[in-house]
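# make a model of this:
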Amino acid sequence: MHLVGMRKDRQPVPVEFRTNYQLCFKLNAQALLHSCENIVTQRALARAAGISHKQINHYYTGYRNPRPEQRVKIISGLHKLAHELLAAE
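Have a look, this model is predicted:
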């Protein structure tokens with residue numbers, strides 16, 4: 001956005017900034033769960049992921065961080081719920 005502003009103001013853009021960049025964002029478990037809170041309930045995700053609702057809530061609040069295996073279960077649970085929603089017609 002800064003470079004767009006510089007171009008708009010007709011300021012020269014330094015050569016080192018003329019390369020295209022790609023941003024990659026990785027969500028931690030808490031951010032992922034918060035991003036889904038208006039789409040799926042914690043209970044539905046817990047059932048789909050095979051993780052207790054209490055544990056999902058700990059991840060949601062940031063009280064605990066899931067181990068890699070639990071993160072895979074959470075993501076698989078979200079995929080499972082998405083497929084179920086897509087199948088409903």
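# neighbours of Thr61, how many?
Residues contacting Thr61 under the criterion other Cβ atoms under 10 Å number 11. For every residue, glycine as well, the C-beta is placed using N, CA and C.
# swap in Leu33?
22.
# could you do Tyr60 as well?
Close neighbours of Tyr60, defined as other Cβ under 10 Å, add up to 19.
# how about it, nearest residue that isn't a chain neighbour?
Nearest non-adjacent residue to Tyr60, counting by Cβ to Cβ, 6 or more residues apart in numbering: Leu33, 4.5 Å away.
# how about Arg64?
With Cβ to Cβ, 6+ apart as the criterion, Arg64 has its nearest non-adjacent residue at 4.1 Å, and that residue is His58.
# strands along the protein, start to end?
For the chain, no strands are identified by DSSP state E.
# run through it and note the low-pLDDT ranges.
Counting by pLDDT under 70, the chain shows low-confidence ranges at 18.
# what ranges do the helices span in it?
2-8, 29-35, 42-49, 53-61, 68-87 (DSSP state H).
# quickly compare those helices and say which is most buried.
When the helices of the chain are scored by mean count of other Cβ atoms under 10 Å, the highest mean neighbour count falls to helix 42-49 (a mean of 19).
# could you check the angle that helix makes with helix 53-61?
Computed with axes from the mean of the first three to the mean of the last three Cα atoms, to 10 degrees, the direction of helix 42-49 lies at 110 degrees from that of helix 53-61.
# adding distance to Gln22, write the helices of the chain out as a markdown table.
What follows is the helices of the chain, written out as a markdown table (distance: least, Cβ to Cβ, whole Å):
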| stretch | distance to Gln22 |
| --- | --- |
| helix 2-8 | 14 |
| helix 29-35 | 20 |
| helix 42-49 | 30 |
| helix 53-61 | 29 |
| helix 68-87 | 22 |
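# of all the ones you listed, which one is nearest Asn20?
helix 2-8 (10.7 Å; Cβ to Cβ).
# can you list contacts of the closest one?
12-13, 17 (Cβ atoms under 8 Å, 6 or more residues apart in numbering).
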